[in-house]
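Peer 1: the amino acid sequence is not available; the structure is as follows:
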């Protein structure tokens, strides 16, 4: 597996990580015993970055489901778990299964403590603000993470769903190690608004979530008129080609595809070995990817 730097003062990690969300939200496997082999498969394939969140669950009564699943899988894995970076997030809630923002400092402190317990660790490797809360000044939320870092509860701090302006503001308070925004052929705002360029220029890791477009859109990829012939020529799946395109968007980019099955998870990781030509990248750049 290729590697890339995670961010300032952080280690290198696999060039493609793994996102655990679909293993814990609606439609998840009925038994967590079905999910652990998926996580073990990506670890065995060389992934050293696992991304989770307290709200990867069904609702507020189920908070921490995915974190507990990740912890269980790591405890049972026969490899060197000390080489694996586990990233989690705080700042959202799931009342009644809805996704709502709550990045008040007190709420982030509670969420962090709960994540520490769910993961079974004394310090979280990478703790990310899941999204800015419009009701809370950003620097208050970031300041809370800085305080938790000073207390030794967080090793590195990241931001998610942010703009360049918000990253710059946060940098005045803490060292931002990673930024996690959506990036795929259907949604390119992270490139178009300069977030990926900012991360490249400042050595900040860019964790690309939803690199194949999410549950509905990724079903369009196998028949896409641009991706299909490239995939056939390279002996790869259209999904792997899409992830390889995301990987090619910047030296800081680390896609974190998610999957519910071993086969889909391993296909996503195979994108690290897909060698797109400049012509391939330009063709995908120019292609239309309808969200309809």
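Peer 2: Arrived safely. Please read these numbers as outputs of a predicted model, since none were measured by experiment.
Peer 1: and the lengthiest helix in the chain, how far from the chain's centre?
Peer 2: Longest helix in the chain, counting residues (DSSP state H): helix 105-119. With CA atoms, centre = their mean, to the nearest Å as the basis, helix 105-119 stands 19 Å off its chain's centre.
Peer 1: what's the angle from the helix or strand just after it to helix 105-119?
Peer 2: Where DSSP states H and E defines the elements, the next helix or strand beyond helix 105-119 is strand 124-129. Between the axes of strand 124-129 and helix 105-119, defined by axes from the mean of the first three to the mean of the last three CA atoms, to 10 degrees, the angle is 140 degrees.
Peer 1: strand partners of strand 124-129, parallel vs antiparallel please.
Peer 2: Applying DSSP bridges, strand 124-129 is found paired with strand 85-90 (parallel), strand 154-160 (parallel).
Peer 1: where in the stretch 151-292 of the chain is pLDDT low?
Peer 2: Nowhere does the stretch 151-292 of the chain drop to pLDDT under 70.
Peer 1: what segments of this structure are strands?
Peer 2: Secondary structure of the chain (DSSP state E): strands at 3-5, 12-14, 18-19, 49-51, 85-90, 92-93, 100-101, 124-129, 154-160, 176-182, 205-209, 253-255.
Peer 1: and these: which comes nearest residue 62?
Peer 2: When the strands of the chain are compared by CB to CB, strand 92-93 sits nearest residue 62, at 11.8 Å. Glycine gets a C-beta too; all of them are placed from N, C-alpha and C.
Peer 1: return the distance of that closest one from the chain's centre.
Peer 2: Counting by CA atoms, centre = their mean, strand 92-93 comes out at 17 Å from the chain centroid.
Peer 1: got a list of contacts for it?
Peer 2: 53, 54, 55, 60, 99, 100, 101, 102, 130, 131 (CB atoms under 8 Å, 6 or more residues apart in numbering).
Peer 1: kindly report the same for stretch 63-83.
Peer 2: Here stretch 63-83 makes contact (CB under 8 Å, 6+ apart) with 20-21, 23-24, 32, 35-36, 39-40, 43-44, 48, 50, 52-58, 84, 86, 88, 94, 114-115, 117-121.
Peer 1: any idea how far the residue located most distally from the centre of the chain lies from residue 218?
Peer 2: Ranking residues of the chain by C-alpha distance from their mean position (CA atoms, centre = their mean) puts residue 233 at the top, at 28.8 Å. When distance is defined by CB to CB, to the nearest Å, residue 233 is 21 Å away from residue 218.
Peer 1: try residue 185
Peer 2: Remark: distance between residue 185 and residue 218 (CB to CB) = 10 Å.
Peer 1: who touches both of those two?
Peer 2: Counting by CB under 8 Å, 6+ apart, the shared contacts of residue 185 and residue 218 are residue 242.
Peer 1: ok, these two, which is more surrounded?
Peer 2: Using other CB atoms under 10 Å as the criterion, residue 185 and residue 218 rank with residue 185 on top: 24 against 19.
Peer 1: residues touching that one, list them.
Peer 2: Applying CB under 8 Å, 6+ apart to residue 185 gives the contacts 213, 227, 242, 245, 246, 284, 287, 289.
Peer 1: name the nearest residue to the second one, ignoring sequence neighbours.
Peer 2: When you say that, I think you mean residue 227. Nearest residue to residue 227, sequence neighbours excluded (CB to CB, 6 or more residues apart in numbering): residue 238, at 4.1 Å.
Peer 1: ok, that neighbour - contacts?
Peer 2: Neighbour list for residue 238: 221, 222, 224, 227, 228, 230, 231 [criterion: CB under 8 Å, 6+ apart].
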